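Undergrad: Build me a structure from this.
(chains A and B)
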Protein chains: 2
Amino acid sequence: MSGLKRYQPDPKLDLVLERVIDVPKELVWRAWTEPELIKKWFTPVPWQTVDCEIDLRPGGLFRTVMRSPEGQEFPNTGCFLEIVPHERLAWTNSLEPGFRPANIDSPELAACGKFPLTAVITLETQGKGTRYTAMAMHKDEAGRNQHAAMGFEAGWGKALDQLVAHVKTL
Amino acid sequence: MSGLKRYQPDPKLDLVLERVIDVPKELVWRAWTEPELIKKWFTPVPWQTVDCEIDLRPGGLFRTVMRSPEGQEFPNTGCFLEIVPHERLAWTNSLEPGFRPANIDSPELAACGKFPLTAVITLETQGKGTRYTAMAMHKDEAGRNQHAAMGFEAGWGKALDQLVAHVKTL
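TA: Numbering: from 1, shown residues only, chains lettered A, B, ... in the order given. Sure, this is the predicted structure:
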């Protein structure tokens, strides 16, 4: 538990979705770390996640491709930072795989809805379910506010609904 | 060894200093991970490193304060990424401690000589000494070229000379 306490959100800079869900954390972990499962839930419908690559180690690739209802594809590349099986998963788009600094921070990219982001997913057993905490960390208040305005809470919440529904079918 | 092979420099984006030095890697590791030792060698004279904080874990703080011959101080904050004792140390300024995206990538900061950087130090025993490899990874060719023009090779080489001279006194 002491490790989990490391990530304390800063309300000015971070966005947090916390919820207790009625599936065990081992299934949530699978949903976050197996590409074929990611495709089933990661993007709120009618958007889709049409491709995913995961190299599950610090410095490893986390790549997704989202497809809009109109058919436009949006690739995202990230780098895993910390992996504690069934407990915590952290990744960022501020680094490319292999920890190389990424080209993610510019006014032009911000205008397209891309900004530096680190995500930390924390899973804790609660009864027969899981306390699920997703924290999105930004470099400044502008990044946080842009992400909030883009619908972080509704979007990540709807994706989590999809995750729960899908892992119940496994 | 397979782990060491992960970090393959890209000549267009990276700068590498590789040298065999006549001190054992355990002492080189100490020089890189103990704040009081960092202060002795990290900055080529007549510059000084006047303060250093190290929290040696992934996500932990790596902070130095350099002082120019004129007395101006330049703080640098980084975040450790990978720590393999006596073998490899990786850190970046693209993230703040706790993996938060850092505000390091802007034309204004580049004009002050600050740009996104990940450094990977690799140590391998060679005879009674150490094969020392320092790789600086950049997000693009402009960053690499700026760092080269600022004197990466001479600067990191002179600092390494200071490291070797100091650890021989321990």
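
Undergrad: Would you check how far apart the residue nearest to the spatial centre of chain A and chain B are?
TA: The residue at the geometric middle of chain A, judged as the C-alpha nearest the mean C-alpha position with CA atoms, centre = their mean, is residue A:119 (5.4 Å). Distance, residue A:119 to chain B, by CB to the nearest CB, to the nearest Å: 9 Å. In short, each C-beta sits where N, CA and C put it, glycine included.

Undergrad: How about the longest helix along chain A and chain B, any contact?
TA: Longest helix in chain A by number of residues, with DSSP state H as the criterion: helix A:152-167. No - among the residues of helix A:152-167, none lie within reach of chain B under CB under 8 Å from any CB of the partner chain; the closest is 15.2 Å away.

Undergrad: Mean pLDDT per helix and strand in chain A: which one sits at the bottom?
TA: Here the helix or strand of chain A ranked lowest by mean pLDDT, DSSP states H and E is helix A:107-111, holding a mean of 90.

Undergrad: Please list the residues of chain A that sit near chain B.
TA: Residues of chain A found near chain B, taking CB under 8 Å from any CB as the criterion, are A:6-7, A:13, A:58-59, A:81-82, A:90, A:92, A:94-95, A:98-106, A:116-118, A:120, A:137-140, A:143.

Undergrad: Write the ChimeraX selection for whichever of those residues are buried.
TA: In ChimeraX, selecting the buried portion of those, with burial taken from 16 or more other CB atoms under 10 Å in any protein chain shown, looks like this:
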select /A:6,7,13,58,59,81,82,90,92,94,95,98,99,100,101,102,104,105,116,117,118,120,137,138,139,143
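
Undergrad: Buried residues, stretch A:37-53. List them.
TA: Residues of stretch A:37-53 classed as buried: A:37-44, A:47-49, A:52 (neighbour count, 16+ other CB under 10 Å).

Undergrad: For that stretch, the averaged confidence score.
TA: In this model, stretch A:37-53 has a mean pLDDT of 97.

Undergrad: And that stretch, end to end?
TA: Chord length of stretch A:37-53, first to last residue, is 11 Å (CA to CA, to the nearest Å).

Undergrad: And for it, what's in contact with it?
TA: Taking contacts as CB atoms under 8 Å, 6 or more residues apart in numbering or on different chains, the residues outside stretch A:37-53 that touch it are A:30-32, A:35-36, A:54, A:61-69, A:73, A:75, A:155, A:158-159, A:162-163, A:165-167.

Undergrad: want to try JSON lines for the buried residues of stretch A:37-53, with secondary structure as columns?
TA: As requested, the buried residues of stretch A:37-53 are exported to JSON lines (DSSP: H, G, I helix; E, B strand; the rest coil):
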{"residue": "A:37", "secondary structure": "helix"}
{"residue": "A:38", "secondary structure": "helix"}
{"residue": "A:39", "secondary structure": "helix"}
{"residue": "A:40", "secondary structure": "helix"}
{"residue": "A:41", "secondary structure": "helix"}
{"residue": "A:42", "secondary structure": "coil"}
{"residue": "A:43", "secondary structure": "coil"}
{"residue": "A:44", "secondary structure": "coil"}
{"residue": "A:47", "secondary structure": "coil"}
{"residue": "A:48", "secondary structure": "strand"}
{"residue": "A:49", "secondary structure": "strand"}
{"residue": "A:52", "secondary structure": "strand"}
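
Undergrad: List the residues that contact residue A:97.
TA: A:55, A:59-61, A:77, A:79.

Undergrad: how about a cut-off of 7 Å?
TA: A:55, A:59-61, A:79 (CB atoms under 7 Å, 6 or more residues apart in numbering or on different chains).

Undergrad: So which of those residues is the closest to residue B:133?
TA: Proximity to residue B:133 was ranked across the contacts of residue A:97 by CB to CB; first place goes to residue A:59, at 16.6 Å.

Undergrad: Which residue is the nearest non-sequential neighbour of that closest one?
TA: Nearest in space to residue A:59, with sequence neighbours left out and distances taken as CB to CB, 6 or more residues apart in numbering or on different chains, is residue A:99 at 5.2 Å.

Undergrad: and the one you found, what does it touch?
TA: Residue A:99 makes contact with A:59, A:79, B:81, B:90, B:92, B:118, according to CB under 7 Å, 6+ apart.

Undergrad: wait, doesn't the third one sit right on residue B:94?
TA: No - with contact defined as CB atoms under 7 Å, residue B:81 does not reach residue B:94; the gap is 9.6 Å.

Undergrad: A helix includes residue A:30, no?
TA: Yes - counting by three-state DSSP, one finds residue A:30 located in a helix.

Undergrad: and it, how far is that from residue B:21?
TA: 46 Å (CB to CB, to the nearest Å).

Undergrad: of these two, who's got more company?
TA: For residue A:30 versus residue B:21, neighbours defined as other CB atoms under 10 Å in any protein chain shown are more numerous around residue B:21 (19 against 15).

Undergrad: OK, contacts around that one?
TA: When contacts are counted by CB under 7 Å, 6+ apart, residue B:21 is found next to B:129-130, B:132, B:164.

Undergrad: So which of those residues wins on neighbours?
TA: Each of the contacts of residue B:21 was scored by neighbour count (other CB under 10 Å); the top score is that of residue B:130, with 24 neighbours.

Undergrad: can you give me the strands in chain A?
TA: With DSSP state E as the criterion, chain A has strands at A:14-21, A:48-54, A:61-67, A:73-84, A:88-92, A:118-126, A:129-137.
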